[in-house]
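S.K.: Let me see the structure of the following:
(one chain, ligands or ions: 1)
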Amino acid sequence: MSLLSVRNISVSFGGIHALSDISFDVPEGVVWGLIGPNGAGKTTLVNILSGLIRPTAGSIAFDGHEDGPWSMSRAVEIGIARTFQQTRAFNGLTVRENLRVAAVAGAGHALDLGIARRLGLEDSLDRVAGELPYALLRRLGVALALSLKPRLILLDEPAVGLTADEIDRMGALIRSMTADGVTVLLIEHNVRFLMSIADRVSVLDRGRLLFEGTPAECQRNPQVIDVYLGRGGEDA
Ligand SMILES: Nc1ncnc2c1ncn2[C@@H]1O[C@H](COP(=O)(O)OP(=O)(O)OP(=O)(O)O)[C@@H](O)[C@H]1O
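M.R.: Residues are numbered from 1 along each chain as shown. Next comes the predicted model:
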């Protein structure tokens with residue numbers, strides 16, 4: 001049975017059809033990749049799943065909850081957390097304070113410093129978020145989402161701007177999430193990285209679902225190569 005079931009989701013901004021009739025099912029415990037050219041609708045889909053925007057049409061079911069789409073607070077309550085392309089943290093608060101706000105105020109959980117350790121933030125707990133180097137700030141974004149103790153985490157380009165070593169570390173972290181029972185939906189333009197950790201991939205193009213399959217199937221699909229991989233989707 002699917003953990004997440006997206007049915008016939010459409011959304012328009014004025015005359016722009018950002019998403020048209022999108023349906024897919026994500027089973028529990030996988031890394032599900034979401035790729036496509038700029039403007040394909042990937043972030044819009046994550047915005048809908050996390051309750052940031054409402055779709056024009058369609059429905060979502062998650063973990064026995066059939067009443068989606070939801071508000072942001074309801075999404076967190078039922079176990080959906082996300083990161084952003086630009087990490088959203090309180091710049092004037094320390095890493096520890098940010099994690100506490102996310103855990104306690106965001107989701108009613110106790111602060112779990114094990115998450116900081118997993119993200120390699122244990123030596124930075126007393127540093128102010130606004131002064132963190134870029135890679136640590138990206139990791140803080142993931143730690144904030146994990147502090148909500150989600151069953152599904154939506155990662156919006158977690159590898160962007162990271163060095164090769166940091167990308168490897170991020171990949172290992174993402175795979176370890178599934179071992180802990182967290183399902184991952186991963187938007188990423190770094191195709192090599194995404195294909196190395198995804199179990200399955202959906203390809204969006206101009207708001208439509210173009211393809212769904214394994215990474216290997218995706219990389220040899222002529223339509224995917226035509227609209228994205230062959231056009232140098234970054235690092236393709
Ligand atoms: N709030 C908004 N108002 C108007 N148009 C929007 C809004 N959000 C997204 N769009 C439009 O919807 C389409 C899909 O955008 P979206 O950001 O979801 O694409 P994406 O696949 O995430 O792109 P990228 O890879 O560049 O992040 C684009 O044409 C974009 O300009």
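S.K.: going forward, measure contacts and count neighbours with C-alpha atoms only.
M.R.: Will do.
S.K.: can you list the domains in this protein?
M.R.: 1-78+178-236, 80-149 (automatic domain parsing).
S.K.: The protein against the ligand: which residues are in contact?
M.R.: Contact residues, the chain versus the ligand (C-alpha under 6 Å from any ligand atom): 13, 18, 37-44.
S.K.: Kindly reformat those as a markdown table containing secondary structure and pLDDT.
M.R.: Output for those, formatted as a markdown table (DSSP: H, G, I helix; E, B strand; the rest coil; pLDDT from 0 to 100):
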| residue | secondary structure | pLDDT |
| --- | --- | --- |
| Phe13 | strand | 92 |
| Ala18 | strand | 96 |
| Pro37 | coil | 94 |
| Asn38 | coil | 92 |
| Gly39 | coil | 93 |
| Ala40 | coil | 96 |
| Gly41 | coil | 96 |
| Lys42 | helix | 96 |
| Thr43 | helix | 95 |
| Thr44 | helix | 96 |
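S.K.: Please list only the buried members of those residues.
M.R.: 18, 37, 40-44 (16 or more other C-alpha atoms under 10 Å).
S.K.: Tell me the one among the residues of the chain next to the ligand nearest to Trp70.
M.R.: Using C-alpha to C-alpha, the shortest approach to Trp70 within these belongs to Thr44, at 14.4 Å.
S.K.: Other residues contacting stretch 17-32?
M.R.: If you take C-alpha atoms under 8 Å, 6 or more residues apart in numbering as the criterion, stretch 17-32 is touched by 1-12, 39-41, 44-45, 58, 174-175, 178-179, 181-186, 197-202, 206-209.
S.K.: Packing partners of the longest helix belonging to the chain?
M.R.: In the chain, taking DSSP state H as the definition, the longest helix is helix 164-179. Other elements packing on helix 164-179 under the criterion 3 or more C-alpha pairs under 8 Å, 6 or more residues apart in numbering; DSSP states H and E are strand 31-35, strand 183-187, helix 191-197.
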